[in-house]
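[1] fold the stuff below for me.
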Amino acid sequence: MAKFLLLLAVIALVYWILRCYRKSVEKPKQREPSGAEDMVRCSHCGVYLPRSESVMAQDRFFCSEAHRRLDQTGSR
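    Below you'll find the model as predicted:
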């Protein structure tokens, strides 16, 4: 009877280890923040915003498409 209980305990231990290993492998990788992003200034209104959110035209940055169009027409 003791051998049977020992075998059962070993099987349970192996099952638990494999289950924990599988969870750690399947865990989705969380994206870490890539750090600070370059900030640019809108050429029309002067607001600072991340480069990825800006609109660029003629080597100048704008906070929106509307400000880009307003700046092209020359009205301020």
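
[2] so for the helix or strand containing Arg69, what gets flagged as buried?
    Assigned by DSSP states H and E, Arg69 belongs to helix 65-73. Within helix 65-73, the residues that qualify as buried are 67-68, 71, counting by 16 or more other C-beta atoms under 10 Å. C-beta here means a position set from N, CA and C on the backbone, and glycine is covered the same way.

[3] give me the neighbour count for Cys42.
    Neighbourhood size, Cys42 [other C-beta atoms under 10 Å]: 19.

[4] which non-adjacent residue is nearest it?
    The spatially closest residue to Cys42, leaving aside those adjacent along the chain, is Cys63, at 4.0 Å (C-beta to C-beta, 6 or more residues apart in numbering).

[5] now for the helix holding Arg69, which elements pack on it?
    Packing contacts for helix 65-73, counted by 3 or more C-beta pairs under 8 Å, 6 or more residues apart in numbering; DSSP states H and E, involve strand 55-57, strand 60-62.

[6] partner strands of the first one, with direction?
    Strand 55-57 has the following sheet partners, assigned by DSSP bridges: strand 60-62 (antiparallel).

[7] what are the buried residues along the strand it pairs with?
    Applying 16+ other C-beta under 10 Å to strand 60-62 flags 61-62 as buried.

[8] what comes into contact with that strand?
    Strand 60-62 is contacted from outside by 40-44, 51, 54-56, 68, 71, using C-beta atoms under 8 Å, 6 or more residues apart in numbering.

[9] adding distance to Lys3, write the helices and strands packed on helix 65-73 out as JSON lines.
    Listed next are the helices and strands packed on helix 65-73 as JSON lines, based on distance: least, C-beta to C-beta, whole Å:
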{"stretch": "strand 55-57", "distance to Lys3": "75"}
{"stretch": "strand 60-62", "distance to Lys3": "76"}
